[in-house]
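> Quick one, what's the 3D model for this:
(2 chains)
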Protein chains: 2
Amino acid sequence: MSVAEETPGGEDMPWGEVTPEAARRLLVAAVEAFAERGYHATTTRDIAGRAGMSPAALYIHYKTKEELLHRISRIGHDKALEILRAAADGEGTAAERLADAVRSFVRWHAERHTTARVVQYELDALGPEHRAEIVELRRESDAVVRGIINEGVAAGEFDVPDVHGTTVAVLSLCIDVSRWFTTQGRRTPDEVGALYADLVLRMVGAQK
Amino acid sequence: MSVAEETPGGEDMPWGEVTPEAARRLLVAAVEAFAERGYHATTTRDIAGRAGMSPAALYIHYKTKEELLHRISRIGHDKALEILRAAADGEGTAAERLADAVRSFVRWHAERHTTARVVQYELDALGPEHRAEIVELRRESDAVVRGIINEGVAAGEFDVPDVHGTTVAVLSLCIDVSRWFTTQGRRTPDEVGALYADLVLRMVGAQK
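Numbering: from 1, shown residues only, chains lettered A, B, ... in the order given. Okay, the predicted model is just below:
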């Protein structure tokens, strides 16, 4: 599994919002370990080792393995919601904003596919309170996309018999990009985003 | 995570194709354990214990944990290909056959969501030879769906600018059902299948 996405030096430093630097390195190491072996097969000792630190040094920043997963999941879900809100609040018709939301959301799931897999597939490993917090963020993301679709229907731009189910399908289509996308594939994140924006406009029956 | 799908007594006995009975029980136990904790966090001892057997009894049927994963993955992928081929080879227009393929494929991923998650998310844990064998089965499934779409385009039923990318998206949409579907949700597997068949016909620009 490629972890090239996590290497500093790209457009922006991964997890740059996490400080101090030791805490950031531990988070990057945790994402890699969880993606490779799964949450339950990973120990805090593994994570500390990958980050070139001692288990005691890890403990200064994170009390438990679950705290690391929660930080990863929280930052990932905040980012997802931010991406969707920026598109929803932008200029343009409902079709333009829905296409923008899908393009940006797909691009994130492709470019950050290792992180996205951990964020999307390890929800069951969160403790009850953290899980409830993340489920609420997911509800908000759903509501943002449903809002754009409802606006398109109200404006007569879209033809959608089942807004709730179509919203689930649109988000699901984007999220699954993190499962199959590889940097060795034939398409760039931008190309997948453009294709998917077109497919989603078809799903909502957007007028051409 | 619900494992109700694996309980005998439904329409057909899960993994009924696996004999003898001890081998079948071990496979059911392995699916549950892999789905709950991930492949790498599961030991053959865990699996034997869940099946009410000794590690030595497991070893009679499966030499390694990877052999269990391979059996699960192989049976799951054979079933997926069988479902898609049955739809592709059926009667009717390309639109009718594509809708049938999506309905059946979605129903399987919803009804057998625990199994499907293991089948879809643990590919990287297979050994190189087994992985190559499964990747080939996945290529065949892709080709079956691509074939229906190409027939629809040739017949003037569909309007698809990017057949390869649209095929990936159609399968991806169906597969991700296994991630979000729960038996506590508001829709039955049949209802999700019907909605998704409609959405996919829109994606390929099927003439109404």
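
> Not counting sequence-adjacent ones, nearest residue to whichever residue of chain A sits closest to chain B?
The nearest approach of chain A to chain B comes at residue A:38, 3.1 Å away (CB to the nearest CB). (Glycine included, C-beta is placed from N, CA and C.) Once flanking residues are discounted, residue A:38 sits nearest to residue B:38: 3.1 Å by CB to CB, 6 or more residues apart in numbering or on different chains.

> so who does the one you found touch?
By CB atoms under 8 Å, 6 or more residues apart in numbering or on different chains, the contact list for residue B:38 reads A:37, A:38, A:39, A:40, A:41, B:122.

> Likewise for residue A:33?
The contact partners of residue A:33, by CB under 8 Å, 6+ apart, come to A:42, A:46, A:47, A:50.

> and with 6 Å instead?
A:42, A:46, A:47 (CB atoms under 6 Å, 6 or more residues apart in numbering or on different chains).

> Now, those that are in helices?
A:46, A:47 (DSSP state H).

> would TSV of the contacts of residue A:33 with neighbour count be doable?
What follows is those, written out as TSV (neighbours: other CB atoms under 10 Å in any protein chain shown):
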residue	neighbour count
A:42	24
A:46	19
A:47	25
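
> of the contacts of residue A:33, closest to residue B:54?
residue A:42 (28.5 Å; CB to CB).

> In three-state terms, label the residue lying closest to that closest one once chain neighbours are set aside for me.
Once flanking residues are discounted, residue A:42 sits nearest to residue A:33: 4.4 Å by CB to CB, 6+ apart. Look at residue A:33: counting by DSSP: H, G, I helix; E, B strand; the rest coil, its state is helix.

> For residue A:72, see how far away residue A:33 is.
From residue A:33 across to residue A:72, the span is 11 Å (CB to CB, to the nearest Å).

> Please apply the same query to residue A:106.
Residue A:106 is 20 Å from residue A:72, by CB to CB.

> out of those two, which sits in the busier spot?
Set residue A:106 next to residue A:72 and count neighbours by other CB atoms under 10 Å in any protein chain shown: residue A:106 wins out with 27 against 22.

> so that one makes contact with residue A:174?
Yes: in this structure, residue A:106 is within contact of residue A:174 by CB atoms under 6 Å, at 5.0 Å.

> What is the burial count for the closest residue in space to residue A:175 that isn't next to it in sequence?
In space, residue A:175 comes closest to residue A:120 once its chain neighbours are excluded; the distance is 5.6 Å by CB to CB, 6+ apart. Residues within reach of residue A:120, counting by other CB under 10 Å, total 22.

> Then residue A:162?
Neighbourhood size, residue A:162 [other CB under 10 Å]: 15.

> thinking residue A:34 is in contact with residue A:118, fair?
Yes: contact status for residue A:34 versus residue A:118: in contact at 4.7 Å, counting by CB under 6 Å.

> Compare these two (neighbour count), which wins?
More crowded of residue A:34 and residue A:118, by other CB under 10 Å: residue A:34, with 28 against 24.

> quick one: low-confidence parts of chain A?
In the predicted model, chain A carries pLDDT under 70 at residues A:1-12, A:208.

> Could you pick out the residues of it near chain B for me?
A:37-38, A:40-41, A:162, A:165, A:169, A:172-173, A:176, A:195, A:199, A:202-203 (CB under 6 Å from any CB of the partner chain).

> which one among those gets closest to residue B:135?
Closest approach to residue B:135 among these (CB to CB): residue A:176, at 17.6 Å.

> Quick check: the closest one touching residue B:176?
Yes: counting by CB under 6 Å, residue A:176 touches residue B:176, with 3.9 Å between them.

> which residues are common contacts for those two?
Common neighbours of residue A:176 and residue B:176 are not found (criterion: CB under 6 Å, 6+ apart).

> Return the set of buried residues in the helix or strand residue A:23 falls within.
Taking DSSP states H and E as the definition, residue A:23 sits inside helix A:21-37. For helix A:21-37, the neighbour count (16 or more other CB atoms under 10 Å in any protein chain shown) marks A:22-37 as buried.

> tell me the phi and psi of the residue of chain A closest to chain B?
phi 90, psi 150 (degrees, to the nearest 10).

> From residue B:37, how far off is it?
From residue A:38 over to residue B:37 the distance is 8 Å, taken as CB to CB.

> Break chain A into its domains for me.
Domain assignment of chain A by automatic domain parsing yields the ranges A:4-61, A:66-203.

> Just say which of those is most tucked in.
Of all the domains of chain A, domain A:66-203 carries the top mean neighbour count, a mean of 19, counting by mean count of other CB atoms under 10 Å in any protein chain shown.

> okay, how far is it across that domain, tip to tip?
In domain A:66-203, first residue to last residue: 38 Å (CA to CA, to the nearest Å).

> So the closest residue to residue A:207 other than its chain neighbours: helix, strand or coil?
Nearest residue to residue A:207, sequence neighbours excluded (CB to CB, 6+ apart): residue A:157, at 5.9 Å. Secondary structure, three-state DSSP: residue A:157 is coil.
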